[in-house]
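# Predicted model and sequence below, questions to follow.
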Amino acid sequence: MNPLLTINSLKKQYDEETVALNGVSFSVHEGEFVSIIGPSGAGKSTLLRCINRIIDATEGEILFDGLNVGNQNKGQLRKLRTKIGMIFQHYNLVNRLSVIENVLHGRLGYKNTFNGSLGLFTAQEKKQAFQIIEILGLEKQAYKRCDQLSGGQKQRVGIARALIQEPRMMLCDEPIASLDPNASKIIMDHLKNITTQMGITCLVNLHQVNVALKYSDRIIGIKHGLKVYDGPPKSITKNQIYDIYESEAGELILELKDQNEA
């Protein structure tokens, strides 16, 4: 079976001194839950933004469902992005709008400019939005403004907005970085269910190694823009984790690895 996503020798250089990614290559198959770990500034966010071309790579190739992402024109890229949902650390919601309105924004990629600007959605789209809101446990908040929600609820709205696109892959950029442990568990459980129950591939940037070890089918370690680990959680060693994070995470990471193995 061909991979859903293939990245070949990806490089992103912002200026003469700043190389965010340097020759990163890997493939992801349909239905995989892959976590990307690494310290702040390792290149994790840059990687996700290159995949859906929020930013353009300097060198290399990104293939999604057989299409070269870098070769798509504006219209083709818009169509391609409907199949790649994006979840952000800081939610990227329109706070003055309700939950249901924010979720329906996920359908804008399917609209022409006229219908999109007027917010014209079909009865089927509205029904679909409510079904997704219910799956994510937000039915009581459906008509609340998003600035009235907790961080965990806002992130669930972000997930719902991505799901209504009917994506084949979700890119999740530090989705629990701003959340407390309880809200983080709820978000990660939903993301895992999206993969196991809906068959949607998830590529998740995580700073929390213990979370990556618990939820992932596979872990990719990034350090200084280089891929330094790619394999199952059970195979990553304490020394490899310590090497990825150097002094930033210290002994805590090694303790978490012990807890996960216990």
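Thanks, I have it.
# Below-threshold pLDDT in the stretch 101-250 of the chain: ranges please.
Counting by pLDDT under 70, the stretch 101-250 of the chain contains low-confidence residues at 111-119, 247-250.
# Tell me where it has helices.
113-118, 123-135, 151-163, 181-198, 209-215, 238-245, 250-261 (DSSP state H, counting those that start in this stretch).
# Which of those sits closest to residue 58?
Closest to residue 58 of the helices of the stretch 101-250 of the chain is helix 238-245 (C-beta to C-beta; 23.4 Å). Quick note: C-beta positions are derived from backbone N, CA and C, even for glycine.
# helices and strands around the closest one, which ones?
strand 218-223, strand 226-231, helix 250-261 (3 or more C-beta pairs under 8 Å, 6 or more residues apart in numbering; DSSP states H and E).
# and it with strand 218-223, angle?
50 degrees (axes from the mean of the first three to the mean of the last three C-alpha atoms, to 10 degrees).
# could you give the angle of helix 238-245 to strand 226-231?
150 degrees.
# Make CSV out of the helices of the stretch 101-250 of the chain and add mean neighbour count.
Below are these laid out as CSV (neighbours: other C-beta atoms under 10 Å):
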stretch, mean neighbour count
helix 113-118, 11
helix 123-135, 16
helix 151-163, 24
helix 181-198, 16
helix 209-215, 21
helix 238-245, 17
helix 250-261, 14
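# Could you name the stretch from the ones you listed that's closest to residue 33?
Among those, helix 181-198 comes nearest to residue 33, with 4.5 Å by C-beta to C-beta.
# which other residues reach the closest one?
Contacts with helix 181-198, where a contact means C-beta atoms under 8 Å, 6 or more residues apart in numbering, come from 31-33, 136-137, 150-152, 155-156, 159, 163, 170, 172, 175-176, 179, 200-202, 204, 208, 211, 214-215.
# follow-up on the earlier one: for residue 72, find the nearest of the helices of the stretch 101-250 of the chain.
helix 113-118 (18.6 Å).
# My read is that residue 174 contacts residue 212, right?
No - at 11.8 Å, residue 174 and residue 212 do not qualify as touching, with contact defined as C-beta atoms under 8 Å.
# Give the residues shared as contacts by the two.
Residues touching both residue 174 and residue 212 (C-beta under 8 Å, 6+ apart): residue 206.
# And for residue 76, the neighbour number?
Residue 76: 12 surrounding residues under other C-beta atoms under 10 Å.
# Please tell me the pLDDT value assigned to residue 7.
With respect to pLDDT, residue 7 scores 97.
# Then residue 1?
What the model reports for residue 1 is a pLDDT of 77.
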